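Chemist: Sequence plus predicted model, see below.
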Amino acid sequence: MSQTTLVLLGAGSSSRFKSRVKKQWLYSGEVPLWLQVAQHFEGMGLFEKIIIVSSSQEIHYMKHFADYTFIEGGDSRQASLSNALSHVNSSYVMVSDIARCCIPETMIQRILHAKNEAACIVPTLPVTDTLYMENTPIDREKVKIIQTPQLSRTKTLKQALDTEILFTDESSAIASLGQQIHFVEGSPLAHKLTTLDDLLKLPCIQAPSSRTLTGYGIDIHPFETGKEMKLCGVTIDAEYGFKAHSDGDVAIHALIDALLGAAGMGDIGELYPDTEPVFAGADSTKLLEDTVERISSFGFEIGNIDMTIMAEAPKLLPYKAIMRTTLASILGIPSNRINIKATTAEKLGFVGRKEGVTVHAVANLNYFNWKKSINGRKT
Ligand SMILES: Nc1ccn([C@@H]2O[C@H](COP(=O)(O)OP(=O)(O)OP(=O)(O)O)[C@@H](O)[C@H]2O)c(=O)n1
Ligand SMILES: C[C@](O)(CO)[C@H](O)COP(=O)(O)O
């Protein structure tokens with residue numbers, strides 16, 4: 001069995017990437033980039049454990065994709081690494097930026113073969129352009145580009161990071177202890193995805209799939225007198241509203257479940273539990289806004305939505321247009337891609353007896369087409 005743990009650092013905020021979707025959550029085919037990277041390393045069969053570092057909200061969703069060890073990151077790359085290192089017990093630890101997406105296995109083998117050469121093994125590339133330091137040319141033979149993954153003796157790395165000093169990589173931390181660093185040849189394929197233009201340099205990243213993902217949601221609420229009735233974020237003129245922990249907007253609740261269903265993100269109760277005081281009387285449009293924000297940040301675009309409101313009363317026809325425009329502005333799609341149907345239950349069941357309302361909703365999502373963002377840029 002290998003004595004090496006792999007740590008993949010993915011808790012960054014992608015600020016230089018300048019896209020509404022963080023680089024870790026771009027889809028390559030039908031797989032988010034972070035997962036493509038993890039599966040690529042896992043397929044090599046070289047590691048006893050794989051740790052992925054990310055934010056707590058992302059980790060909740062990442063666990064729906066795969067069973068790695070997920071650890072919450074910190075404010076800096078080094079803080080994220082330190083959190084992960086407390087879960088590393090193997091003699092060696094290989095650390096890589098998840099943003100280096102296309103690292104060839106031959107490069108990993110080169111690094112592992114050199115493991116006895118020094119406390120830290122580092123892949124490098126030569127500089128091939130002329131270099132200036134401020135206004136003075138410098139000898140490019142004396143500088144190198146440092147890549148990841150870097151292989152370190154775990155004990156030495158833990159000792160090196162037990163400091164207030166912030167290092168930009170493992171090798172500089174270990175060098176600060178006076179330990180030797182051993183350099184091996186890196187690869188242009190290990191280039192780090194930092195800006196949108198880097199996507200053009202990384203051939204293993206495929207265009208996102210054109211598949212449509214469909215989700216379904218249903219919600220039921222009984223009527224309650226003395227409450228304001230809200231449906232699709234619109235106030236309805238009625239003598240009663242809905243009994244609920246929140247404002248009881250049963251249509252928005254069904255829609256949230258449809259959106260979460262399409263994204264594979266669980267259901268409304270997981271995200272906004274009705275046991276939490278913070279959601280007492282909650283404005284459901286705010287919950288929908290939060291759902292849309294999450295879905296969007298995880299690499300999806302909303303295609304269209306359709307819903308059926310089953311209500312014996314009140315008559316909803318006069319409200320359908322304003323309901324569509326209200327939802328359109330929250331979902332960020334044109335109102336023609338939102339369809340709202342209303343029907344009675346022909347006096348049957350609890351809906352027919354005017355005891356409450358049922359809403360069924362369907363939502364379609366597509367993967368965010370990041371190729372369009374690159375093509376739309378002037379270089
Ligand atoms: N607090 C942080 C910051 C960075 N990283 C990770 O460290 C690697 C190198 O960082 P970088 O490429 O700079 O990613 P970001 O920090 O996301 O990018 P930016 O600096 O543009 O915000 C990335 O895989 C990133 O996810 C991390 O785990 N925790
Ligand atoms: C660790 C690293 O990738 C080596 O080149 C680099 O230092 C990370 O820098 P960043 O500013 O956190 O992207």
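Modeler: The structure has been received and is ready for your questions. Numbering: from 1, shown residues only. Ligands and ions are numbered 1, 2, ... in the order given.

Chemist: right, and the helix or strand after the strand ranked longest in the chain?
Modeler: The longest strand of the chain (DSSP state E) is strand 212-225. In the C-terminal direction, the helix or strand that comes right after strand 212-225 (DSSP states H and E) is strand 229-231.

Chemist: Tell me which other helices or strands that next one touches.
Modeler: Counting contacts by 3 or more C-beta pairs under 8 Å, 6 or more residues apart in numbering; DSSP states H and E, strand 229-231 packs against strand 234-236, strand 240-242, helix 250-263. Bear in mind the C-beta positions are built from the backbone N, C-alpha and C, glycine included.

Chemist: Tell me, how many residues neighbour the nearest residue to residue 179 once chain neighbours are set aside?
Modeler: In space, and not counting its chain neighbours, residue 179 is closest to residue 119: 4.2 Å by C-beta to C-beta, 6 or more residues apart in numbering. For residue 119, the neighbour count with other C-beta atoms under 10 Å is 22.

Chemist: still on that earlier bit, give the pairing partners of the longest strand of the chain; include direction for each.
Modeler: Applying DSSP bridges, strand 212-225 is found paired with strand 240-242 (antiparallel), strand 356-367 (antiparallel).

Chemist: Reformat the ones you listed as a markdown table; add mean neighbour count and mean pLDDT.
Modeler: Shown next, in a markdown table, are these (neighbours: other C-beta atoms under 10 Å; pLDDT from 0 to 100):
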| stretch | mean neighbour count | mean pLDDT |
| --- | --- | --- |
| strand 240-242 | 21 | 95 |
| strand 356-367 | 22 | 98 |
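
Chemist: Quick check: which of these is nearest to ligand 1?
Modeler: strand 356-367 (20.2 Å; C-beta to the nearest ligand atom).

Chemist: now the strands: where do they sit in the stretch 101-250 of the chain?
Modeler: In the stretch 101-250 of the chain, the strands defined using DSSP state E, counting those that start in this stretch lie at 120-126, 131-133, 136-138, 144-146, 150-153, 181-185, 212-225, 229-231, 234-236, 240-242.

Chemist: Rebuild those as CSV, extending it with distance to ligand 1.
Modeler: Listed next are the strands of the stretch 101-250 of the chain as CSV, based on distance: least, C-beta to the nearest ligand atom, whole Å:
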stretch, distance to ligand 1
strand 120-126, 15
strand 131-133, 22
strand 136-138, 24
strand 144-146, 12
strand 150-153, 12
strand 181-185, 19
strand 212-225, 25
strand 229-231, 39
strand 234-236, 39
strand 240-242, 42
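
Chemist: Report the contact partners of the closest residue to residue 153 other than its chain neighbours.
Modeler: Leaving aside its sequence neighbours, residue 153 sits nearest to residue 119 (C-beta to C-beta, 6+ apart; 5.0 Å). Counting by C-beta atoms under 8 Å, 6 or more residues apart in numbering, residue 119 touches 152-153, 156, 174, 177, 179-181.

Chemist: separation between residue 119 and ligand 2?
Modeler: 17 Å (C-beta to the nearest ligand atom, to the nearest Å).

Chemist: Touching, residue 244 and residue 219? I think so.
Modeler: No. Using C-beta atoms under 8 Å, residue 244 makes no contact with residue 219, being 9.5 Å away.

Chemist: Residue 177: what's it in contact with?
Modeler: The neighbourhood of residue 177, defined by C-beta under 8 Å, 6+ apart, consists of 119, 156, 159-160.

Chemist: Please apply the same query to residue 363.
Modeler: Per C-beta under 8 Å, 6+ apart, neighbours of residue 363: 214-215, 217, 255, 258-259, 261-262, 302-305.
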